[in-house]
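Please find the sequence and the predicted model below.
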Amino acid sequence: MQPALSTRFSDAGAIWLKLAVLYLIIGVAIHFWLANISLPVMGVSLSLILFGHTFVVPALIVSEVLAAAGVLVFAANLFLNLGSRRR
């Protein structure tokens with residue numbers, strides 16, 4: 001009969017793991033919603049500008065800023081969660 005394997009994880013390690021998963025979920029959600037809100041608004045604004053309606057320029061500017069913020073959130077999320085795996 002083999003003895004049961006008991007593993008005890010550090011409480012601090014479990015807390016940091018939970019925080020990393022939480023940040024990953026929040027970072028992905030922020031990137032997802034920024035992209036899915038800004039890109040359709042940007043597309044519609046650009047098509048209206050092509051037809052001569054210049055009143056949508058502020059909406060285009062805001063959507064471009066939101067899209068850029070989404071890209072920055074994605075890059076930050078990528079670099080903070082991947083990191084270098086040194087062993």
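Done, it's in.

Please identify the buried residues of the lengthiest helix in the chain?
For the chain, the helix that runs over the most residues, judged by DSSP state H, is helix 11-50. Buried residues in helix 11-50, defined by neighbour count with 16 or more other CB atoms under 10 Å: 27, 30-31, 34-35, 38, 41-42, 45, 48. All C-beta atoms are positioned from the backbone trio N, CA, C, and that covers glycine.

Mind giving me the packing neighbours of it?
The contact analysis (3 or more CB pairs under 8 Å, 6 or more residues apart in numbering; DSSP states H and E) places helix 11-50 against helix 57-82.

buried set for the helix it packs on?
60, 63, 66-67, 70, 73-74, 77.

Closest one of those residues to residue 19?
residue 77 (13.8 Å; CB to CB).

Have a look at this structure and report the helix or strand with the lowest mean pLDDT.
Ranked by mean pLDDT, DSSP states H and E, the weakest helix or strand in the chain is helix 11-50, scoring a mean of 83.

And the pLDDT at the closest residue in space to residue 38 that isn't next to it in sequence?
Spatial nearest neighbour of residue 38, chain neighbours left out: residue 66 (3.7 Å); criterion: CB to CB, 6 or more residues apart in numbering. Per-residue confidence for residue 66 comes out at a pLDDT of 94.

isn't residue 66 right up against residue 36?
No. With contact defined as CB atoms under 8 Å, residue 66 does not reach residue 36; the gap is 10.2 Å.

With distance to residue 23 as added columns, please give the buried residues of helix 57-82 in a markdown table.
A markdown table is the format used below for the buried residues of helix 57-82 (distance: CB to CB, whole Å):
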| residue | distance to residue 23 |
| --- | --- |
| 60 | 31 |
| 63 | 26 |
| 66 | 21 |
| 67 | 22 |
| 70 | 16 |
| 73 | 11 |
| 74 | 13 |
| 77 | 8 |
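
Out of these, flag the one nearest to residue 21.
Distances from residue 21 to the buried residues of helix 57-82, taken by CB to CB, are shortest for residue 77, at 12.4 Å.
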